[in-house]
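Chemist: After the sequence you'll find the predicted model.
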Amino acid sequence: MNRNFLKQAQQIQARLAKAQEELASETVEGSAGGGAVKVVANGKQAIESVSIDPAAVDPDDVEILQDMVLAAVNEALARSQELANERLGSITGNLKIPGI
């Protein structure tokens, strides 16, 4: 294998590792119910916090609250994935590399 190729691969690997580390500290938010439910996720698709406005809690209709939490979580995770794709894609040239 070409020495230059190996050096470039190592540089890309180092840049990817740094970008993945930075993603852990970046956050995105998903919300539902006009902001009644907010979910914060980091760039590694881990949920960091959930906040629920007490006015959104109706003991007679828990299903709506459950739906809002689900929607906010899904939005936060989708935004987190977009952030990761944006950051890592710029390094990999948008190649689909397994495990990244």
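Modeler: Everything's here; your move.

Chemist: The helix ranked longest in the chain packs against which elements?
Modeler: Among the segments of the chain that qualify as a helix by DSSP state H, the longest is helix 62-92. Other helices and strands packing on helix 62-92, by 3 or more CB pairs under 8 Å, 6 or more residues apart in numbering; DSSP states H and E, are helix 3-23, strand 27-32, strand 37-42, strand 47-52. Heads up, the C-betas are built off the backbone N, CA and C, glycines and all.

Chemist: Flag every buried residue along that helix.
Modeler: For helix 62-92, a neighbour-count test (16 or more other CB atoms under 10 Å) marks 65, 68-69, 71-73, 75-77, 79-80, 83-84, 87-88, 91 as buried.

Chemist: Likewise for stretch 35-54?
Modeler: 36, 37, 38, 39, 40, 41, 42, 43, 45, 52.

Chemist: list the contacts for the closest residue to the last one other than its chain neighbours?
Modeler: Read that as residue 52. Ranked by CB to CB, 6 or more residues apart in numbering and with sequence neighbours excluded, the top spatial neighbour of residue 52 is residue 37, at 5.4 Å. Counting by CB atoms under 8 Å, 6 or more residues apart in numbering, residue 37 makes contact with 31, 50, 51, 52, 53, 56, 65, 68, 69, 71, 72.

Chemist: Please report how far the residue most central in space within the chain lies from residue 66.
Modeler: With distances taken as CA atoms, centre = their mean, the residue of the chain nearest its centroid is residue 80 (1.9 Å). Noted for residue 80: a distance of 21 Å to residue 66, by CB to CB, to the nearest Å.

Chemist: Over to residue 39?
Modeler: Look at residue 39 and residue 66: by CB to CB, they are 13 Å apart.

Chemist: Same check on residue 40?
Modeler: To residue 66, residue 40 is 19 Å away according to CB to CB.

Chemist: Also residue 89?
Modeler: Taken as CB to CB, the span from residue 89 to residue 66 is 34 Å.

Chemist: Kindly report the same for residue 22.
Modeler: Using CB to CB, we find residue 22 at a distance of 33 Å from residue 66.
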